[in-house]
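S.K.: the following comprises the amino acid sequence and a computationally predicted model.
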Amino acid sequence: TPEDSAYQEVTWTSSNKNIASVDNTGTINALQAGKVTITARLKGAQAIVATCTVDVRVPIESFVLNKNNVTILAGETNILAGIFGPEDATTTQIQWATSNKQVVKVTDDGLLIGLKKGTAIVTATVKDENGMHTATCKVTVTKKDTTPAPTPEPKPENKEPDNTLADGKLPNAGSLTYII
């Protein structure tokens, strides 16, 4: 405010004090991620107002993957995920890449798809206010076992013993003869 102005005092307000507060000198204190509008209003001249939108961002301090090494079979899948510190970091969009597209495919969501036997390094990259953050995972794809399962031996049929004689008659139980 000009020194010869009739309006010397400014009132400062925040549209959301949970995201950012502002003191009576106009100093903003960021508290959590989000957008907030800071308003400066001249006391006594309510029509003289200035606003500023502030985008409070939480930078990444650490970034790792949930796995360092993965072994999968060709034709099968596994999933990788990024772990951010702090947990409320603003930027969490990961870009995925593989060092060998013939061995493993990686989707935008971190899904690994084993293609053929071999090894590849999957790299996850995130860019924010603090720069580039990368993490890697070694992926080994093994060949799917194509050996057929052994065929079980047929079980012999469980038949009752045949007690009939050659002439088709049953022996007389009272006349069995044993020869020693």
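M.R.: Nice, I can see it.
S.K.: isn't residue 29 right next to residue 19, touching?
M.R.: No. Using C-beta atoms under 8 Å as the test, residue 29 is too far from residue 19 to be in contact (10.1 Å). In this view, the C-beta of every residue, glycine as well, is placed from N, C-alpha and C.
S.K.: show me the contacts for the residue nearest to residue 14 when sequence neighbours are not counted.
M.R.: Distances taken as C-beta to C-beta, 6 or more residues apart in numbering place residue 22 nearest to residue 14, at 5.0 Å, with adjacent residues excluded. If you count contacts by C-beta atoms under 8 Å, 6 or more residues apart in numbering, residue 22 has them with 12-14, 28-29, 38.
S.K.: tell me the predicted confidence for residue 22.
M.R.: At residue 22, the model reports a pLDDT of 96.
S.K.: find the nearest non-adjacent residue to the residue most central in space within the chain, please.
M.R.: Nearest residue to the geometric centre of the chain (C-alpha atoms, centre = their mean): residue 81, 3.1 Å. Counting by C-beta to C-beta, 6+ apart, residue 66 is the residue found nearest to residue 81 once chain neighbours are left out, at 4.6 Å.
S.K.: still on that earlier bit, tell me the spacing between the residue nearest to residue 14 and residue 53.
M.R.: According to C-beta to C-beta, to the nearest Å, residue 22 and residue 53 sit 13 Å apart.
S.K.: what's the overlap in contacts for these two?
M.R.: With C-beta under 8 Å, 6+ apart as the test, residue 22 and residue 53 both reach residue 38.
S.K.: so what's residue 35 closest to, chain neighbours aside?
M.R.: residue 55 (5.2 Å).
S.K.: where does the one you found fall, secondary structure wise?
M.R.: strand 49-56 (DSSP states H and E).
S.K.: no further questions, thank you.
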